[in-house]
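1. let me see the structure of the following:
(chains A and B)
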2 protein chains.
Amino acid sequence: VNKVFFDVGLSLDGFLAGPNGGPRNPLGDGGLALHEWLFATATFREQHGEPGGEPVADDGVVRATFARTGAYVMGRRMFDEGEVVWPEDAPFRAPVFVLTRRARAPWPRKGGTTFHFVTTGIHDALARAREAAGGKDVRVAGGADTICQFLAAGLIDDFTLHTAPVLLGAGVRLFDDMVGHRLAVEQTATSPGALAAHAHYRVVRAS
Amino acid sequence: VNKVFFDVGLSLDGFLAGPNGGPRNPLGDGGLALHEWLFATATFREQHGEPGGEPVADDGVVRATFARTGAYVMGRRMFDEGEVVWPEDAPFRAPVFVLTRRARAPWPRKGGTTFHFVTTGIHDALARAREAAGGKDVRVAGGADTICQFLAAGLIDDFTLHTAPVLLGAGVRLFDDMVGHRLAVEQTATSPGALAAHAHYRVVRAS
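-> Numbers count the residues shown, from 1 in each chain, chains lettered A, B, ... in the order given. Below you'll find the predicted structure:
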């Protein structure tokens, strides 16, 4: 059965995005620094129609995540922020289920991405994403609040954190909405990386 | 010339210790989970007079840190919390310079640890530690506030973070006192680890 996971980049001080984020500033102030390692990878460059990119050790983990993903679930703020910057040939190449309160017709993009708008909550969005993913996995794309909703609901099987070598000092913390929740996880692997530290975790469930 | 560094364990949500810490609860609620990977290493067990320990990949990074350290600087709260739990044969095996407001005679322990009490601030403590360290490096042991004081003063050359697979949900964040400071660092290496993710950073100075 398909797994449900997230895969995000963080600063050393735990921020997923800088402060003052919004559609005109999608990663927040200083937030680009979180993803410099990613921009350098060949896989990212291919997805965004850019040539080449030097081979970096960090490419393997990006490629593996892209390969396992059959569908996405995404929060509305992340969609709103991305809608204005993603190219016509959007980088997901798979169905994306956007959590929203406003119904909207599916929005197909070039290259295999179609945005579907789900107004009936995370469980419905996940059910539709699971079905659309076929044998592949479902990635909860973000933002932080959506990821924490899925974590708190016990819906996440595993996750990957990419820790970038920068202190942002302010912004949106990935786990802000988990304050007060203790959660046991198991480190399943680390991946080689020259530009960031990549670690993989499995959520340990009470049986 | 000797380097000044710190080396600490963190939860996935950035906590260095759980909540409600103090001399009777030195790592705070749930804080033991941050160090389970460390307790499993042969190096830690040797330092604490315990036999064996299984060989884990994580041992190498502990051994390397211990080997490079010629002296320590430590905050008073960390000392107060440790004083009641460290064995007579304290685990540092080197001079430890404790930042405090109260003068106190040096306190030698078995096995090479001597605590010196410095009432004249971090620069003096560091100068004495550098001298005592000989050709080796100076480790700023903690707590979080002392580490941030050294970071903010531009005194840290490099650091190692061990990220343990647990969400604590509350406690003392390593970088709480760095809120509002953006800091550029460079990831210099990651170390193999089965039980935690180990990454090494160099502070990038404006030249």
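
2. show me what the worst-scoring helix or strand of chain A on mean pLDDT is packed up against.
-> Sorting the helices and strands of chain A by mean pLDDT, DSSP states H and E puts helix A:42-47 at the bottom, at a mean of 87. When contacts are defined as 3 or more Cβ pairs under 8 Å, 6 or more residues apart in numbering or on different chains; DSSP states H and E, helix A:42-47 packs onto helix A:59-68. Every residue, glycine included, has its C-beta placed from N, CA and C.

3. wait, does the helix it packs on contact chain B?
-> No. Judged by Cβ under 8 Å from any Cβ of the partner chain, helix A:59-68 and chain B are separated, with a smallest distance of 12.0 Å.

4. and what of stretch A:13-31?
-> Yes. Stretch A:13-31 reaches chain B (Cβ under 8 Å from any Cβ) through A:Asp13, A:Gly14, A:Gly30.

5. chain A: helices as residue ranges?
-> Using DSSP state H, the helices found in chain A span residues A:36-39, A:42-47, A:59-68, A:76-83, A:122-133, A:144-152.

6. burial check on A:His181, number of neighbours?
-> Around A:His181 there are 15 other residues, counting by other Cβ atoms under 10 Å in any protein chain shown.

7. thought it was touching A:Ala153?
-> No. Counting by Cβ atoms under 8 Å, no contact exists between A:His181 and A:Ala153, whose distance comes to 11.5 Å.

8. contacting residues around the residue positioned nearest the centre of chain A?
-> Residue closest to the mean C-alpha point of chain A, counted by Cα atoms, centre = their mean, is A:Ala141 at 3.1 Å. Neighbour list for A:Ala141: A:Phe6, A:Tyr72, A:Val73, A:Met74, A:Gly75, A:Met78, A:Val96 [criterion: Cβ atoms under 8 Å, 6 or more residues apart in numbering or on different chains].

9. wait, what's in contact with the second one?
-> Shown in contact with A:Tyr72 (Cβ under 8 Å, 6+ apart): A:Phe92, A:Ala94, A:Pro95, A:Val96, A:Phe97, A:Ala129, A:Val138, A:Arg139, A:Val140, A:Ala141.

10. kindly report the same for A:Ala64.
-> Counted by Cβ under 8 Å, 6+ apart, A:Ala64 has contacts A:Ser191.

11. and it, what's its pLDDT?
-> Listed pLDDT for A:Ala64 reads 95.

12. what mean pLDDT does stretch A:119-126 have?
-> The pLDDT scores in stretch A:119-126 average 98.

13. so what touches it?
-> A:4, A:73, A:97, A:99-103, A:118, A:138, A:146, A:149-150, A:153, A:155.

14. among these, which ones are buried?
-> For the contacts of stretch A:119-126, a burial check counting by 16 or more other Cβ atoms under 10 Å in any protein chain shown picks out A:Val4, A:Val73, A:Phe97, A:Leu99, A:Thr100, A:Val118, A:Val138, A:Thr146, A:Gln149, A:Phe150, A:Leu155.

15. Throw these into CSV and include distance to chain B, thanks.
-> Output for the buried ones among the contacts of stretch A:119-126, formatted as CSV (distance: Cβ to the nearest Cβ, whole Å):
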residue, distance to chain B
A:Val4, 17
A:Val73, 21
A:Phe97, 26
A:Leu99, 23
A:Thr100, 28
A:Val118, 27
A:Val138, 21
A:Thr146, 17
A:Gln149, 15
A:Phe150, 14
A:Leu155, 15
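
16. biggest separation within the residues you listed, which pair?
-> A:Val4 and A:Thr100 (19.5 Å; Cβ to Cβ).

17. hang on, the earlier thing: looking at the helices of chain A, which is buried most?
-> helix A:144-152 (a mean of 20; mean count of other Cβ atoms under 10 Å in any protein chain shown).

18. give me the distance from it to the chain's centre.
-> Distance of helix A:144-152 from its chain centroid, counting by Cα atoms, centre = their mean, to the nearest Å, is 11 Å.

19. which of the residues in stretch A:6-22 are buried?
-> A:6-18, A:21.

20. return the residues of chain A in contact with chain B.
-> Residues of chain A lying near chain B (Cβ under 8 Å from any Cβ): A:12-14, A:30, A:33, A:161, A:163, A:165-170, A:173-175, A:178-187, A:190, A:192-197, A:199, A:201.

21. how does it look with 6 Å?
-> Within chain A, the residues that sit near chain B (Cβ under 6 Å from any Cβ of the partner chain) are A:13-14, A:30, A:165, A:167, A:169, A:175, A:178-183, A:185-187, A:190, A:197, A:199, A:201.

22. among those residues, which ones are buried?
-> Here, 16+ other Cβ under 10 Å leaves A:13-14, A:30, A:165, A:167, A:169, A:175, A:178, A:182-183, A:185, A:187, A:190, A:197, A:199, A:201 buried among the residues of chain A next to chain B.

23. redo the buried residues of stretch A:6-22 as JSON lines? Include pLDDT.
-> Listed next are the buried residues of stretch A:6-22 as JSON lines, based on pLDDT from 0 to 100:
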{"residue": "A:Phe6", "pLDDT": "98"}
{"residue": "A:Asp7", "pLDDT": "97"}
{"residue": "A:Val8", "pLDDT": "97"}
{"residue": "A:Gly9", "pLDDT": "96"}
{"residue": "A:Leu10", "pLDDT": "95"}
{"residue": "A:Ser11", "pLDDT": "95"}
{"residue": "A:Leu12", "pLDDT": "95"}
{"residue": "A:Asp13", "pLDDT": "93"}
{"residue": "A:Gly14", "pLDDT": "94"}
{"residue": "A:Phe15", "pLDDT": "95"}
{"residue": "A:Leu16", "pLDDT": "94"}
{"residue": "A:Ala17", "pLDDT": "93"}
{"residue": "A:Gly18", "pLDDT": "94"}
{"residue": "A:Gly21", "pLDDT": "88"}
